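Colleague: Sequence and predicted model, in that order:
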Amino acid sequence: NAGVTQTPKFQVLKTGQSMTLQCAQDMNHEYMSWYRQDPGMGLRLIHYSVGAGITDQGEVPNGYNVSRSTTEDFPLRLLSAAPSQTSVYFCASSYSLNGQSDYEQYFGPGTRLTVT
Amino acid sequence: GIQVEQSPPDLILQEGANSTLRCNFSDSVNNLQWFHQNPWGQLINLFYIPSGTKQNGRLSATTVATERYSLLYISSSQTTDSGVYFCAVGDYKLSFGAGTTVTVRA
């Protein structure tokens, strides 16, 4: 298994440009999430999905869109990049350990995005 | 949302020393994980430990769910243990603490 993969690893955008960060997992996990990490801080949840066709907002969703057309893929779209979106972005997938309430998450390697 | 506090924020160790990192959280949870973020930025799963005690080599973790805290123990630290240690709680979506930055000096 490749686990959780993300592309690209690095990206530089100009203010106002749009782009899509790709995320894929091959573990057949039901749940997927996007987080951002800013310097000196822990990760903050942007959007998440509980299954194909179902997405919801996390703590910091403004400026980002997501969709989940398949179990494997969960792309994150930046609609009009702003310098405040300079960050490291992590995608994660998780599954229920017992079919109910216990979950374990696995993270991708991250995408480092700079908006100038 | 759930509040997660980690202490200390920074820790400097001499190689071979032992240390304890603490994570306090504000509500009951179904998922508590410890991660190590290495100097290259990769997040590595250390423990999934919503309750009880686990050990993996020189690392061990204990979570006392009823008192809403978890401890990560590093024994006989090595320079490769350097990095940021995060505690995260929740379910299929996590709330992270701000992390403990560990520097192990040779």
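Modeller: Noted; the coordinates are in hand. Numbers count the residues shown, from 1 in each chain, chains lettered A, B, ... in the order given.
Colleague: going forward, measure contacts and count neighbours with C-alpha atoms only.
Modeller: Noted.
Colleague: So which residues on chain A come close to chain B?
Modeller: Along chain A, the residues adjacent to chain B under the rule CA under 8 Å from any CA of the partner chain are A:31-33, A:40-45, A:48, A:94-96, A:101-110.
Colleague: if we go to 7 Å?
Modeller: Taking CA under 7 Å from any CA of the partner chain as the contact definition, chain A meets chain B at A:31, A:33, A:41-44, A:94, A:101-104, A:107, A:109.
Colleague: From the residues you listed, list the buried ones, please.
Modeller: Listed as buried from those are A:31, A:33, A:42-44, A:94, A:102-104, A:107, A:109; burial here means 16 or more other CA atoms under 10 Å in any protein chain shown.
Colleague: tell me which of those residues is nearest to B:G83?
Modeller: Nearest to B:G83 among these is A:G42, at 13.1 Å by CA to CA.
Colleague: follow-up on the earlier one: show me which pair in the buried ones among the residues of chain A next to chain B is furthest apart.
Modeller: The most widely separated members of those are A:D102 and A:P109, with 23.6 Å between them, by CA to CA.
Colleague: Contacts for stretch A:68-81 next, please.
Modeller: In this structure, residues lying in contact with stretch A:68-81 by CA atoms under 7 Å, 6 or more residues apart in numbering or on different chains are A:15-26, A:28, A:30, A:51-54, A:63-67, A:115.
Colleague: Which of the residues you listed fall within strands?
Modeller: A:19-25, A:51, A:54, A:64-66, A:115 (DSSP state E).
Colleague: shaky segments in chain B?
Modeller: Within chain B, no range satisfies pLDDT under 70.
Colleague: can I assume B:G97 is in contact with A:G40?
Modeller: No - in this structure B:G97 lies outside contact range of A:G40 using CA atoms under 7 Å: 10.7 Å.
Colleague: The two: who's more crowded?
Modeller: Using other CA atoms under 10 Å in any protein chain shown, the more surrounded residue of B:G97 and A:G40 is B:G97, with 23 against 12.
Colleague: show me the contacts for the more buried one.
Modeller: Taking CA under 7 Å, 6+ apart as the test, what B:G97 contacts is A:42, B:4-6, B:86-88.
Colleague: Not counting sequence-adjacent ones, nearest residue to it?
Modeller: Of all residues not flanking B:G97 in the chain, B:V4 sits nearest, at 4.8 Å (CA to CA, 6 or more residues apart in numbering or on different chains).
Colleague: about what we covered before: counting neighbours, which of the contacts of stretch A:68-81 end up buried?
Modeller: When burial is judged by neighbour count using 16+ other CA under 10 Å, the buried members of those are A:21-25, A:30, A:51-52, A:64-67, A:115.
Colleague: Tell me which residue is most central in chain A.
Modeller: Chain A has A:W34 as the residue nearest its centroid, 2.5 Å off, counting by CA atoms, centre = their mean.
Colleague: now for the helix or strand harbouring that residue, which elements pack on it?
Modeller: Following DSSP states H and E, the helix or strand that holds A:W34 is strand A:31-37. Counting contacts by 3 or more CA pairs under 7 Å, 6 or more residues apart in numbering or on different chains; DSSP states H and E, the secondary-structure elements packed against strand A:31-37 are strand A:43-51, strand A:87-96.
Colleague: Including mean pLDDT, could those strands go into TSV?
Modeller: Rendered in TSV, the data for the helices and strands packed on strand A:31-37 read as follows (pLDDT from 0 to 100):
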stretch	mean pLDDT
strand A:43-51	96
strand A:87-96	94
